[in-house]
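Visitor: Need coordinates for the below:
(2 chains)
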Protein chains: 2
Amino acid sequence: MMKLTILGTSSAYPTLDRFTASQVLQINGKSFLIDCGEGIQTQLRKNKIKFNSIEDVLISHLHGDHFFGLPGLILTFNLLGRQKPLNIYGPKGIKNIIISLLKIGNTWTNYKLNFIELENSSSDIIYEKNNISITTIPLYHGIYTNGFLFRKKIFTHKLLIEKALSFGIDKTQFSGIKSGKDGLKSDGSVIKNIELVEPLPLDLTFAYCSDTLFNEKTIHQIQACDLLYHESTFLKKHENFAKKTFHSTAEQAALIAKKSNVKKLLLGHFSARYKDLNLFLKESKVIFQNVDLALENKIFVI
Amino acid sequence: MMKLTILGTSSAYPTLDRFTASQVLQINGKSFLIDCGEGIQTQLRKNKIKFNSIEDVLISHLHGDHFFGLPGLILTFNLLGRQKPLNIYGPKGIKNIIISLLKIGNTWTNYKLNFIELENSSSDIIYEKNNISITTIPLYHGIYTNGFLFRKKIFTHKLLIEKALSFGIDKTQFSGIKSGKDGLKSDGSVIKNIELVEPLPLDLTFAYCSDTLFNEKTIHQIQACDLLYHESTFLKKHENFAKKTFHSTAEQAALIAKKSNVKKLLLGHFSARYKDLNLFLKESKVIFQNVDLALENKIFVI
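Guide: I've put the predicted structure just below:
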């Protein structure tokens, strides 16, 4: 299972009830913080996400609405006595600016900050641990930007039917063997479970694509993923403006979802100019049906 | 009149319902933003303070909880089409770090940013316009820190009684003359108001002292001011910790208020460890009676 909590999806600046870009993806008790807009500390508290469960922060790009909450979060972690290291993945330059912000206040952390600076313009595997991997998705935003593809491998067991039958194992045992039991031959002798099954990887995938111009090059990487968050800063009537500012419309996000055959699409990063966000759903659904709005404090389970 | 709106007074980091340091002092339709912690954009909106009424931002020191909201605010002003310049007063180094934060995002402002960098360890008049002045108050926080004394001169008119009598003007005209009317001699001739009065300055004063160790050197500067905001991060039981971290207790803030004979004291910058903030009032009132808590969204009129 993966659990995605939306902390903020306002584009560019916060409003009275919306925060700038930030989400948390929880897998196996670990929380991956994806982007870190201003005010995200409060949102983490509101959503009861334990600060100490965050070991990895991924910053898509260095526009303020995607990382101005990070320096404060780093200092808060320190004040609350954090011991374990924090890994920060982000565009080259992130280390220098964060360190400068701490230094200017004569402040430092008692825990280790590991910066993993990204500068590759093609896709890279940047995390691989405990059957979880994170791969960058190059995006097109006029400034160096990465999306992130999260993959969790789950191993199920495929029963080797012919082999089982050759041992003379009765079909009534098959469901038990699939769930890990040994096989029993008609003469009473035991065939170890491992002889009768083959591990079968089943991937859960979440793709985060923000911010980006509509670009079909993304499609091959997010093909058939379970959940796609794709920015949709604008509605169709502002398509020209989307192009000019390297953003997407709801319709364009839906087109990416359709062409990559994802299971579900989440729209977010809405411009503050729109009051009725349901228009985003409406424009998207013409092209792709299984779509939802990524609103503050909503949870999506994969 | 001066109107002070409290935007945030949590010490070090925000909590679920409190923001880090920021206040707005409004004088003659102008808003002076004093410190700018994270999330202050939202607080400005909530308190209906027009972004365009802010021409001057004063940063006391470069700890994150006092200025991490400024870069985002600068960018939001730009996105909303601001034209008029923004004056930013703060410790030397503030210009470089703010410019670096904008540059790293390939962002810039279409309006002018005027940085007034402070480095004098003694008091300076840093603003003087339209009968409003701002003077720095050197504070003691282990890092270069200034408080700010705001002074608004109001000119009333003192009647020159002997001169009026020498013209043979009757006492019944005195209150009219004080409010701007000309004088009338018994022979019907007119004596211009300007001949009969003398402008008399009446100052309204607000002193902002945060963050600081208890230090009596501050007293001479804030003598008899109308309203003093003084940090009180800790209660008496943590006095040693206050000293170690260059902060004050509620009792120490009260002592400064008493010794400087101010009219009213506001306590703020409370550590997040305390749930019952009334204890700050209680400890302060033993020494100084006219005291209030500077809580989020409260307004104080001078």
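
Visitor: could you pull out the strands for the stretch 151-300 of chain A?
Guide: Taking DSSP state E, counting those that start in this stretch as the criterion, the stretch 151-300 of chain A carries its strands at A:183-184, A:190-191, A:197-209, A:227-231, A:264-268, A:291-293, A:299-301.

Visitor: for the ones you listed, which one sits closest to chain B?
Guide: Between chain B and those, the shortest gap by C-beta to the nearest C-beta is with strand A:227-231, which sits at 16.3 Å. C-betas here are computed from N, CA, C, even on glycine.

Visitor: On the three-state scheme, the residue of the stretch 51-200 of chain A at minimum distance from chain B is what?
Guide: The nearest approach of the stretch 51-200 of chain A to chain B comes at residue A:76, 4.1 Å away (C-beta to the nearest C-beta). Classification of residue A:76 into helix, strand or coil gives helix, according to DSSP: H, G, I helix; E, B strand; the rest coil.

Visitor: How about the contacts made by it?
Guide: A:41, A:51, B:12-13 (C-beta atoms under 8 Å, 6 or more residues apart in numbering or on different chains).

Visitor: which ones among those residues are found in helices?
Guide: Counting by DSSP state H, the part of the contacts of residue A:76 found in helices is residue A:41.

Visitor: which one of the contacts of residue A:76 sits closest to residue A:217?
Guide: residue A:41 (35.1 Å; C-beta to C-beta).

Visitor: I figured that closest one was touching residue B:16, is that so?
Guide: No - shown here, residue A:41 and residue B:16 do not form a contact pair, counting by C-beta atoms under 8 Å, at 9.7 Å.

Visitor: out of these two, which sits in the more crowded spot?
Guide: residue A:41 (24 against 10; other C-beta atoms under 10 Å in any protein chain shown).

Visitor: which one is residue A:267 nearest to, not counting chain neighbours?
Guide: For residue A:267, the nearest residue in space outside its immediate sequence neighbours is residue A:232; the separation is 4.4 Å by C-beta to C-beta, 6 or more residues apart in numbering or on different chains.

Visitor: so how many other residues sit close to the one you found?
Guide: By the other C-beta under 10 Å criterion, the neighbourhood of residue A:232 contains 35 residues.

Visitor: who's in contact with it?
Guide: Contacts were defined as C-beta under 8 Å, 6+ apart; by that measure residue A:232 touches A:248-250, A:252-253, A:267-270, A:280, A:284.

Visitor: Tell me what the closest residue to residue A:133 other than its chain neighbours is bridged to.
Guide: Excluding its sequence neighbours, the residue lying closest to residue A:133 (C-beta to C-beta, 6+ apart) is residue A:151, at 4.8 Å. Beta-bridge partners of residue A:151, counted by DSSP bridges, are residue A:133, residue A:205.

Visitor: any chance of the strands of the stretch 151-300 of chain A in JSON lines, plus mean neighbour count and mean pLDDT?
Guide: As requested, the strands of the stretch 151-300 of chain A are arranged in JSON lines below (neighbours: other C-beta atoms under 10 Å in any protein chain shown; pLDDT from 0 to 100):
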{"stretch": "strand A:183-184", "mean neighbour count": "20", "mean pLDDT": "92"}
{"stretch": "strand A:190-191", "mean neighbour count": "14", "mean pLDDT": "94"}
{"stretch": "strand A:197-209", "mean neighbour count": "18", "mean pLDDT": "90"}
{"stretch": "strand A:227-231", "mean neighbour count": "28", "mean pLDDT": "98"}
{"stretch": "strand A:264-268", "mean neighbour count": "25", "mean pLDDT": "98"}
{"stretch": "strand A:291-293", "mean neighbour count": "19", "mean pLDDT": "98"}
{"stretch": "strand A:299-301", "mean neighbour count": "13", "mean pLDDT": "98"}
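
Visitor: Identify the residues contacting stretch A:294-302?
Guide: Residues from elsewhere that reach stretch A:294-302 (C-beta under 8 Å, 6+ apart): A:1-9, A:17-19, A:23, A:43, A:46-47, A:204-206, A:226-227, A:229, A:264, A:266-268, A:277, A:292.

Visitor: number of nearby residues for the residue nearest to residue A:133?
Guide: Based on other C-beta under 10 Å, the number of other residues close to residue A:151 is 21.

Visitor: Could I get the contacting residues of residue A:181?
Guide: Under the criterion of C-beta under 8 Å, 6+ apart, the contact partners of residue A:181 comprise A:173, A:193.

Visitor: Against residue A:193, how distant is it?
Guide: Applying C-beta to C-beta, to the nearest Å, one obtains 6 Å for the distance of residue A:181 from residue A:193.

Visitor: buried residues in stretch A:110-122?
Guide: Of the residues in stretch A:110-122, those scored as buried under the neighbour-count criterion (16 or more other C-beta atoms under 10 Å in any protein chain shown) are A:113, A:115, A:118.

Visitor: Cross those residues against strands and list the overlap.
Guide: For these, the ones inside strands are A:113, A:115, A:118, with DSSP state E as the criterion.

Visitor: And the residue in chain A sticking out farthest from the centre, what's its pLDDT?
Guide: In chain A, counting by C-alpha atoms, centre = their mean, residue A:187 sits farthest out from the average C-alpha position, at 51.6 Å. With respect to pLDDT, residue A:187 scores 90.

Visitor: Now do it against residue A:169, distance only.
Guide: Here residue A:187 is placed at a distance of 11 Å from residue A:169 (C-beta to C-beta).

Visitor: Count the residues that sit near whichever residue of the stretch 151-300 of chain A sits closest to chain B.
Guide: Sorted by distance to chain B under C-beta to the nearest C-beta, the residues of the stretch 151-300 of chain A start with residue A:272, at 8.8 Å. Counted by other C-beta under 10 Å, the residues lying close to residue A:272 total 16.
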